[in-house]
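Asks: 3D model of this:
(one chain, ligands or ions: 1)
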Amino acid sequence: MDGKSFSAVLRGRVSAAVGRLVAERGVAPGLAVVLVGEDPASQVYVRNKGIQTRDAGMNSWEHRLPAETPQQDLLALIGRLNADPAVHGILVQLPLPGHMDAGAVIDAIDPAKDVDGFHVLNVGRLGTGQKAMVPCTPLGCLLLLKEQLGDLSGLDAVVVGRSNIVGKPMAQLLLAENCTVTVAHSRTRDLAEHCRRADILVAAVGRAGMIRGDWIKPGATVIDVGINRIEEEGRARLVGDVDFEGAVQVAGAITPVPGGVGPMTIACLLANTLTACCRAQGWPEPDFAKTGG
Ligand SMILES: Nc1nc(=O)c2c([nH]1)NC[C@@H]1CN(c3ccc(C(=O)N[C@@H](CCC(=O)O)C(=O)O)cc3)C=[N+]21
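Replies: Numbering: from 1, shown residues only. Next up is the predicted model:
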């Protein structure tokens, strides 16, 4: 499954919708990204996000704070971004430095501007089938699945991993699509047996190559959310949570790493920013990133 080209299609739709908003309403959606500290991987994502946000015709602001920034300074910045009408989406790059309480920081973001969908209000709305800001990575995975399989009703879905940013919202989205959902994790017994039942297998465990080829039901659709940087023959490489070479022999379809879920994450961030802008202005929302909920 080619996340790179599908994300380009989604970004194209977002850019066209942004162009109409600017032409007809004189408003460009705005995304503010806050990066605390100098984590190199985060620098890459923040730079990529900025480039793609501007390419889509949106306004993009980056706020870089030193790692030792006191939490109340970050909260004060978030307060200013909440109050800024030109800012429709706010993303505070995770992980935050150890001295900060990530939950408190995320919950300080105006839920209407929470384009990550991590705020408890959006988590609660998603969990109760209400309209919510949906986390970008699970949303990207769902759009890939619907593009590949169409109607997901009745399919057995296994989500391996239960993080707040991927596994749990992914399970909610699959449930909303009427899948029969299993959430497996590090304490699951006979993990391979659960995986072998899955028509849809979502790997979001953060361990390179953990999901073996012989854990996959022949013909299953595999979504690899992993972004593991490994050293191989002295070269740094990005690999997923699935043993791709083994899985590709068995799976009906599989997302590669890189080039699968990652680009979809950024495209869905842009879609969420556009949605947040339309909702804030009371305008009709784009439906190309619609989910069942
Ligand atoms: N508040 C917050 N929201 C996030 O959404 C968030 C975050 N913090 N912290 C870090 C993770 C990670 N993340 C990625 C986004 C794009 C790629 C991506 O585009 N990856 C490319 C490869 C890029 C490369 O070469 O490194 C791919 O998989 O094809 C990867 C990872 C968003 N994150």
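Asks: what is the mean pLDDT for whichever strand or helix holds residue 35?
Replies: Using DSSP states H and E, residue 35 sits in strand 30-36. The pLDDT scores in strand 30-36 average 97.
Asks: does the ligand sit close to it?
Replies: No - using CB under 6 Å from any ligand atom, strand 30-36 never reaches the ligand; the gap is at least 8.4 Å. Quick note: C-beta positions are derived from backbone N, CA and C, even for glycine.
Asks: Name the next helix or strand downstream of that strand, please.
Replies: helix 40-55.
Asks: Adjacent strands (with direction) for the strand holding residue 35?
Replies: Note on strand 30-36: by DSSP bridges, its sheet partners are strand 59-65 (parallel), strand 89-92 (parallel).
Asks: Which of those has the highest mean neighbour count?
Replies: Ranked by mean neighbour count, those are led by strand 89-92 with a mean of 26 (mean count of other CB atoms under 10 Å).
Asks: what bits of the chain have low per-residue confidence?
Replies: By pLDDT under 70, the low-scoring segments of the chain are 289-293.
Asks: At the geometric centre of it, which residue sits there?
Replies: residue 137 (1.8 Å; CA atoms, centre = their mean).
Asks: Report the contact partners of the spatially closest residue to that residue that is not a sequence neighbour.
Replies: Leaving aside its sequence neighbours, residue 137 sits nearest to residue 265 (CB to CB, 6 or more residues apart in numbering; 4.8 Å). Taking CB atoms under 8 Å, 6 or more residues apart in numbering, we find residue 265 in contact with 136-137, 140.
Asks: rewinding a little: give me the residues contacting the strand holding residue 35.
Replies: Here strand 30-36 makes contact (CB under 8 Å, 6+ apart) with 42-43, 46, 49-50, 53, 58-67, 69, 74, 77-78, 81, 84, 86-93, 96-97, 100, 115, 269-270, 273, 277.
Asks: coming back round to it: for residue 218, which of the strands paired with strand 30-36 is the nearest?
Replies: Nearest to residue 218, of all the strands paired with strand 30-36, is strand 89-92, at 39.1 Å by CB to CB.
Asks: Now do the SS call for the nearest residue in space to residue 252 that is not next to it in sequence.
Replies: Excluding the flanking residues, the one nearest residue 252 by CB to CB, 6+ apart is residue 219, at 4.0 Å. Here residue 219 is coil, with the state taken from DSSP: H, G, I helix; E, B strand; the rest coil.
Asks: wouldn't residue 219 be in contact with residue 251 here?
Replies: Yes - between residue 219 and residue 251 there is a contact under CB atoms under 8 Å: 7.4 Å.
Asks: Number of residues surrounding the residue of the stretch 1-150 of the chain found nearest the ligand?
Replies: Residue of the stretch 1-150 of the chain nearest the ligand, by CB to the nearest ligand atom: residue 94 (3.8 Å). By other CB atoms under 10 Å, the residues close to residue 94 number 14.
Asks: That one: what's it in contact with?
Replies: 102, 165.
Asks: and it, backbone torsions?
Replies: Residue 94 adopts backbone torsions of phi -100, psi 150, taken as degrees, to the nearest 10.
Asks: when you give positions from now on, start the count at 39
Replies: In the new numbering, first residue 39, that becomes residue 132.
Asks: any idea how far it is from residue 74?
Replies: Using CB to CB, to the nearest Å, one gets 10 Å for the distance from residue 132 to residue 74.
Asks: Help me confirm that residue 144 comes into contact with residue 129.
Replies: No - the pair residue 144 / residue 129 is not scored as a contact, 10.1 Å apart, by CB under 8 Å.
Asks: Now for the two: what residues contact both?
Replies: Listed contacts common to residue 144 and residue 129 are residue 154; contacts here mean CB under 8 Å, 6+ apart.
Asks: And for residue 135, nearest residue in space, chain neighbours not counted?
Replies: Nearest residue to residue 135, sequence neighbours excluded (CB to CB, 6+ apart): residue 105, at 4.9 Å.
Asks: Buried subset of the contacts of strand 68-74, written for ChimeraX?
Replies: Buried subset of the contacts of strand 68-74, written as a ChimeraX selection, criterion 16 or more other CB atoms under 10 Å:
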select :80,84,87,91,96,97,98,99,101,103,107,112,115,116,119,125,126,127,128,129,130,131,134,135,138,153,307,308,311,315
